[in-house]
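Peer 1: got a predicted structure plus its sequence, pasted below:
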Amino acid sequence: MSRTKWAATAAAAAIALGAAGCGTTDAGTAGAGTATTSASASVAMSPRPEGTGPLPRGAVRMDLDTSAAAAGAPANDPDWLRMNENAPADSVTSCAVAFKGFGTGSQPVHLARFEATVSELGKRGWKQLGEPEQRKDKRGEVFVSKVLLEQRGWRITAEFTNMPDRGTIGLTAFDEACMKAHGKQATPVG
């Protein structure tokens with residue numbers, strides 16, 4: 001399966017998991033901007049709009065990219081990035097902002113890099129909900145870790161998957177108001 005088809009399948013699964021979750025908030029509508037930053041964006045903290053309303057989509061995009069970059073995670077896969085950025089405005093897919101960094105044989109992604117990425121998100125105001133959900137192999141090593149974070153009308157599912165010789169870090173942010181408007185739950189962890 002090509003990386004593009006795999007990415008599309010995984011994104012659809014992430015949206016489906018969002019639909020299967022429970023609990024929503026009554027957050028207002030998020031900004032409709034689709035500003036995109038490259039993975040080589042500055043790792044400086046993203047600016048926070050004043051007030052308590054939902055974060056604009058562009059601020060969420062910047063948080064994902066800069067948090068991963070500051071933690072030394074691989075750059076966002078371009079195919080993964082385009083899935084949500086090019087989604088029709090009236091689709092449930094448009095409710096998400098996605099990041100997926102694939103490790104390589106020469107630069108694998110390990111759990112510590114994932115945990116550093118989650119820590120960087122915390123520095124940008126994202127609050128972790130509960131404890132990480134982890135799966136371990138027979139040796140007791142974590143091969144899957146999921147963390148749920150939220151901030152001002154958005155929820156992020158952060159996921160580490162240890163794949164032989166590479167590993168991945170995935171960050172999918174869901175606009176809670178957009179998901180609710182499409183009749184979906186905004187809790188992406190299944």
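Peer 2: Looks like it came in fine.

Peer 1: ok, residue 169 - contacts?
Peer 2: 68, 73-74, 99-101, 109, 113-114, 117, 158-160 (Cβ atoms under 8 Å, 6 or more residues apart in numbering). From N, CA and C alone the C-beta is placed, and that goes for glycine too.

Peer 1: tell me the pLDDT of it.
Peer 2: On the pLDDT scale, residue 169 is placed at 96.

Peer 1: am I right that it sits in a helix?
Peer 2: No - judged by DSSP: H, G, I helix; E, B strand; the rest coil, residue 169 forms no part of a helix; its state is strand.

Peer 1: do you know how far residue 128 is from residue 76?
Peer 2: As for residue 128, its distance to residue 76 is 22 Å (criterion: Cβ to Cβ, to the nearest Å).

Peer 1: coming back round to it: among the contacts of residue 169, which ones are in strands?
Peer 2: 99, 100, 101, 158, 159, 160 (DSSP state E).

Peer 1: residue 133 is in contact with the fourth one, correct?
Peer 2: No - under the criterion of Cβ atoms under 8 Å, residue 158 lies out of contact with residue 133, with a separation of 10.7 Å.

Peer 1: quick check: mean pLDDT of stretch 53-71?
Peer 2: 93.

Peer 1: got the buried residues for that stretch?
Peer 2: 54-71 (16 or more other Cβ atoms under 10 Å).

Peer 1: ditto for stretch 113-132
Peer 2: 113, 114, 115, 116, 117, 118, 120, 121, 124, 126, 128, 132.

Peer 1: in a helix, the last one, correct?
Peer 2: Same thing as residue 132. No - counting by three-state DSSP, residue 132 is not found in a helix; it is strand.

Peer 1: and it, what's its pLDDT?
Peer 2: 93.

Peer 1: checking residue 76 next. Helix, strand or coil?
Peer 2: Classified using three-state DSSP, residue 76 is coil.

Peer 1: thought residue 172 was touching residue 97?
Peer 2: Yes - Residue 172 is within contact range of residue 97, at 7.5 Å (criterion: Cβ under 8 Å).

Peer 1: between those two, who's got more neighbours?
Peer 2: Neighbour totals were compared for residue 172 and residue 97, and residue 97 leads with 27 against 24 (other Cβ atoms under 10 Å).

Peer 1: what is the closest residue to the more buried one other than its chain neighbours paired to in the beta sheet?
Peer 2: Take residue 97 and drop its neighbours on the chain: the residue closest to it by Cβ to Cβ, 6 or more residues apart in numbering is residue 173, 4.4 Å away. Here residue 173 sits in beta bridges with residue 97, residue 156, going by DSSP bridges.
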